[in-house]
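Visitor: Got a predicted structure plus its sequence, pasted below:
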Amino acid sequence: PLVYHVRQTAPQPAVADVAGEVRRQWKQSAIAKRVRPGDRIAVGCGSRGIRHIGLIVKTTIEALNELGAKPFVVAAMGSHGGATPEGQRELLGSYRIDETHLGVPVKTDMESQQIGTNSWGDPVWWDRNALAADGVVTVSRIKPHTDFRGKYESGIVKMCVIGLGKREGASQHHRWGWRGLKDMMVESCKVILDKTKFLGGLA
């Protein structure tokens, strides 16, 4: 026949011990050296589908505790969950990201604060709970975006800008369409890296 049905399967990495690998990544990262005993560390968690997300976040909390920090969770999902504290708490809870399973506070407040202005002249917003912390990390899923191709698509940068930007950050960037994500999102992230105590993310 002139046309063949072809299936290509790319080899995928496999992690046998998820908790052990998560702990190793945090402990061996440069972030570990920047966490001081007693630091209140906000762990940004979103609504993207990550397999074993509850275990990954729980192990992240444990690793930060072992470093002497006082971790807590902040919702980092922009306007997901109906853009309400209750909706975001319910969404995180469905992943076992709640006080019962983690033993730490889970903050889903929607209040954000303007921390600066990006090169486009637009305000940059950030979660108030994250701003009040001594350090901020994220548990992020990195994947291609469905609408555009760029250096940063859907991952740590997007979680910092739109996830932790709450309702304001999400609506501001999305109103520009794909340019708001491909181009302006990077400019907003530069402000965040300069103005906040963001330490890095587990990808």
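Guide: Okay, I see it.
Visitor: chain center to the longest helix seen in the chain, what's the gap?
Guide: In the chain, with assignment by DSSP state H, the single longest helix is helix 53-66. Offset of helix 53-66 from its chain centre (CA atoms, centre = their mean, to the nearest Å): 14 Å.
Visitor: buried sites along it?
Guide: 53-64 (16 or more other CB atoms under 10 Å). (Glycine included, C-beta is placed from N, CA and C.)
Visitor: Ok, stretch 83-96 next?
Guide: Quick answer for stretch 83-96 (16+ other CB under 10 Å): 87-89, 91-93, 95.
Visitor: returning to that earlier point: and which of the buried residues of helix 53-66 is nearest to E153?
Guide: I53 (19.5 Å; CB to CB).
Visitor: ok, the closest one to A75 distance?
Guide: Per CB to CB, to the nearest Å, I53 is found 13 Å from A75.
Visitor: where do the contact lists of those two overlap?
Guide: Counting by CB atoms under 8 Å, 6 or more residues apart in numbering, the contacts common to I53 and A75 are C45.
Visitor: between the buried residues of helix 53-66, which is nearest K158?
Guide: Nearest member of the buried residues of helix 53-66 to K158, counting by CB to CB, is I53, at 16.6 Å.
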